[in-house]
Each structure stands twice: as C-alpha cells, then as structure tokens.
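>>> kindly return the folded structure for what I paste below:
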Amino acid sequence: YYQPEAYVPQRDLFIEKDSAINEHIEQMRLSCTKSLLERRDVVIVATVSAIYGIGKPEDYHQMILTLRAGDKLGQRDVIAQLVRMQYQRNDMEFSRGTFRVRGDTIDVFPA
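Alright, predicted model coming up:
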C-alpha cells in the first residue's frame, strides 16, 4: 500500500505519504512487473499507488539471476549477486527474500 503525499485545499489539509508492505500484494506486484517486462500481451488495471515506484526496466533486468544445471559459478559471486538483489543472508530463519549457505550449497527462498 502506498499513499502519496497530497494537499486538499478546501480543508487546508496536508496528507503525508505513507506506505505499508503486505506480502501477498507485494507478490502480485512482482508478478505483474515480471509479466509487463517479459510479455507483449499483458494489460494490467491498477491504482496509481499500485504501480508507483515500479522502476526502470533496466533496473529490473539487472536483478535477475539465472541459474542452469551444469553452470559453473563461484559461490562468492552468487552470494554477491543475491545481496545486490536485496536478498538477506539468514542461516537461522529461512523466509521469503533470504538465502542461507551450508557448505557448498546455497538455499534461496525467492522473493
């Protein structure tokens, strides 16, 4: 949820911006963003607050980490990319948007 700042002149009222994150809404927002950037047959009907701050397509594409079976990747490189993608390392509580490292294995809980 995002409420941009606004001014209501009739009441001389200033409304400060406010935001709150709802995990389900954030998942739907990410899904819509992904569809917009990867497909040409997408129509999305949403409020302005739902698409506010969606960012540039180039920024979104830089936040994609593609892993394929047989790829040879350095563990430090993968961890660095996950951190750039705003994942948080958490070896205790494995939840959405986190990753953990156990030996040569990196577990990722997708955002």
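>>> how near is residue 85 to residue 36?
According to CB to CB, to the nearest Å, residue 85 and residue 36 sit 19 Å apart. Quick note: C-beta positions are derived from backbone N, CA and C, even for glycine.
>>> any idea which element the residue most central in space within the chain lies in?
Note on the chain: the residue nearest the mean C-alpha position is residue 30, at 6.0 Å, using CA atoms, centre = their mean. Element membership for residue 30 (DSSP states H and E) is helix 23-38.
>>> ok so, going back, thought the residue nearest to the centre of the chain was touching residue 110?
No. If you go by CB atoms under 8 Å, residue 30 and residue 110 don't touch, sitting 9.5 Å apart.
>>> how's the protein carved up into domains?
Per automatic domain parsing, the structural domains of the chain span 1-55, 65-111.
>>> that older thread, for the residue nearest to the centre of the chain, give me its contacts.
Shown in contact with residue 30 (CB atoms under 8 Å, 6 or more residues apart in numbering): residue 111.
>>> distance check, it against residue 6.
Counting by CB to CB, the gap from residue 30 to residue 6 is 26 Å.
>>> what's the next secondary structure element after the helix or strand bottoming out on mean pLDDT in the chain?
Least confident helix or strand of the chain, by mean pLDDT, DSSP states H and E, is helix 48-51 with a mean of 70. Downstream of helix 48-51, the next assigned helix or strand under DSSP H and E is helix 57-62.
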